[in-house]
Each structure stands twice: as C-alpha cells, then as structure tokens.
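Trainee: need a structure here:
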Amino acid sequence: MSAIRTFVDLLAGRREAGALAPREWDGVISVARAEAMLATLAHRLEGADLPPTVAALFADQRAAAAVARAQSLWEAEMARRALASERIEFVLLKGTAYAAAGLSCAEGRQIGDLDILVLVSDIGRAENELLEAGWEWVKSDPYDDAYYREHMHELPPLIHKARDRMIDVHHTILPRTHRVTPDPLVLMAEAVETPTGFRVLSPPAMVCHCAAHLLADGDLQGGLRNLWDFHQLVVDFLNDDPEFYLRLMEEAHLHGLWTVVLRALRLSNRLYGTPLVEYDAPFRLRFEPERADGLFIRRLLARDDWGRPTQFMLHQAFYIRSHWLRMPPLMLSRHLWTKWRKR
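Mentor: Here you go, the predicted model:
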C-alpha cells in the first residue's frame, strides 16, 4: 500500500498505528509533512502504540501546534482591536475560526494567514484601520492590486510589519467573477458568537465555505487537509444535530453550492468515512457517485512515498480548472496573457 493511502487510513481509523512496520513510518511522515498535516496526524494518534522516535516527533508537533493556535487567536485579537475604533464587525474564517470555536479540526491544524469576513460596505474603512495599525501590503504590483480589488473576493494580502503575520480581508467567500455567487449578507447575518467573543460562520455556512474553498476556489492544493477539515466539521455538527444535513443542504442551495457540497461529501466519505444521511423529504438527497469523482480522488492522492507530487498533467488540469471556474473565458485569457508577459 502506498504511503499516502496508509496516511489517509490512519486518519480515518482504518489502520492501527501499531501494525505499521518501521519502514512504513518514513513514507507516512513524509506525506503528512508535505500535506501540512503532521501535527494533525500526531493529534489523531495520541496515545497510540508508536515507535519511540515517532512518538517523540509527534509530541513535538502537538506542542508546536498549541503555540501556533495561541498565536493565531492572538492575531485575531489584534485585528479586533485595530477595527474596534470604527466598530467594524468581522467574522473569522478557516483555521482561526475553527480554533476560536473549539472544533475538532483545529487540533493540530496548521494555521497560516488570518482570514476575516467584513461587509463590503466596510471594506474601505477596514483597510484604512489595518494600515494605521501596522499592516502593510504584500503585493506592490499595480496590476495585482487592481486585479484583487476589481475581481477577487478579498483585499490584496496584508502583512504586519512587526509580527510578520498575514491577514486576508474578505468581503465574500468566492471571487466576484466566479460562476457561483454566495450571499455574504446572509453569511454575516447568520454568524454565531464563540465563548471567546469572536464571531464565526454558522455551522452549515462553515461547512459550505469549507467545501467551496476546497472544490470551487482552487486547484486542490492542500486538498487532503481541507477535506479533513470538512470531514471533522460534518462529524462535529452531526453529533450536535442528527438532522444537520437538512440544514446544510438548505444553506448550500441558498448559496448556489449544492453540487459542490454534495461532491465534498462523497469524496470525504470515500477517503475518511464521513457518514452520509439520505432523505426523501423535505427534499430528495442522494449520494450517487459521479465519474469525475475518481479524478478528484486521484488528484488528492497524487504523491509518492517521499511526499513528492506525482501526475503532473493532472495537477495542471486542475490548475486550469480553478481559473476556468473563477472567471469568464475572455477575462481568463487576458489575465493569463498579462501574467505571462510580466514574467
């Protein structure tokens, strides 16, 4: 069995860690590191029967993840303080949101940028307040700046000049030119407050956003991690509400993400064993596999036993697909031509 299949099976609970041969751990660790999921695996296998060297590595990973989690929440607090004077409300997104809400997928999750969602009417004021508080632009190129402002779902990325931490300020969750246009006003209105006072997306909206980020807004780079987020979110919310799928699919339909969420559920079930609940009423919900699902699985598992990417043409096909989804053909042609000339 390939290392990446073994890695996925360990996460899903289909393989026992104690049954792995010593030589298998090299491949599993290489793959987990390449997928930025080594600390996630360390949390998943906490208390398992591990070789001493692996146990020591995993203990270090769990400790480092705890520090990174605290840093991400502190960065969210810094953003809250920066925006407080103008009373600009925001909603945490992605990894920091999972940490603030105490969700299972935050355990060991690598959290990079701080992602927040603000109303589009507040975007200019938020930009000014963050610049005054010490953030500065990462991209200084005029074309890139204009591209973000005219076509994307967020400001150009900012980085704090003292703390060296990046923030992405969103005004919706998919690019303006995308074929799917989720309603940011609904997302903001339905947001819920965590015990720490931060606001995060409602459970069904959070799962929809995770699916959109995985399948509708990229080339599946980091796909196994994002799909693990999706799996853990669904399991957490199903445990709280056995009828969660009804709320989830209603939310997905509202934002034009029905097919995206369905595919994420099918892929998550195949790789991680996410439970699927079918309905006949109040609407029909089925999970019949589609032929393209196999291509998504191949792309998600496209690594060798050293953690190196494989299937170059498949990677390229998904890269092209990600741009095709984001903008109309003529705009895409102009954008790619401009980027090629600049290089």
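Trainee: contact partners for M37?
Mentor: F7, L11, G108, Q110, L224, R225, W228 (Cβ atoms under 8 Å, 6 or more residues apart in numbering). Glycine gets a C-beta too; all of them are placed from N, C-alpha and C.
Trainee: can you do 10 Å?
Mentor: The contact partners of M37, taken as Cβ atoms under 10 Å, 6 or more residues apart in numbering, are 7, 11, 31, 43-44, 61, 108-110, 222, 224-225, 228.
Trainee: for burial, what's the neighbour tally of the closest residue to M166 other than its chain neighbours?
Mentor: Excluding its sequence neighbours, the residue lying closest to M166 (Cβ to Cβ, 6 or more residues apart in numbering) is D113, at 4.3 Å. Residues within reach of D113, counting by other Cβ atoms under 10 Å, total 18.
Trainee: in terms of pLDDT, where does D113 sit?
Mentor: For D113, the pLDDT comes out at 91.
Trainee: over to the one 3 residues further on?
Mentor: According to the per-residue confidence, I116 scores 97 in pLDDT.
Trainee: what are the phi and psi values for it?
Mentor: phi -130, psi 150 (degrees, to the nearest 10).
Trainee: what helix or strand does I167 sit in?
Mentor: strand 166-170 (DSSP states H and E).
Trainee: and the following helix or strand past that strand, what other elements does it pack with?
Mentor: Where DSSP H and E defines the elements, the next helix or strand beyond strand 166-170 is helix 184-190. Contacts defined by 3 or more Cβ pairs under 10 Å, 6 or more residues apart in numbering; DSSP states H and E place helix 184-190 against strand 91-93, strand 114-117, helix 203-215, helix 244-254.
Trainee: and the contacts of helix 184-190?
Mentor: With contact meaning Cβ under 10 Å, 6+ apart, helix 184-190 is reached by 89-91, 93, 117-122, 153, 170-174, 183, 199, 201-206, 208-209, 251, 254-255.
Trainee: buried stuff in that helix?
Mentor: Across helix 184-190, burial judged by 16 or more other Cβ atoms under 10 Å covers P184, L187, M188, E190.
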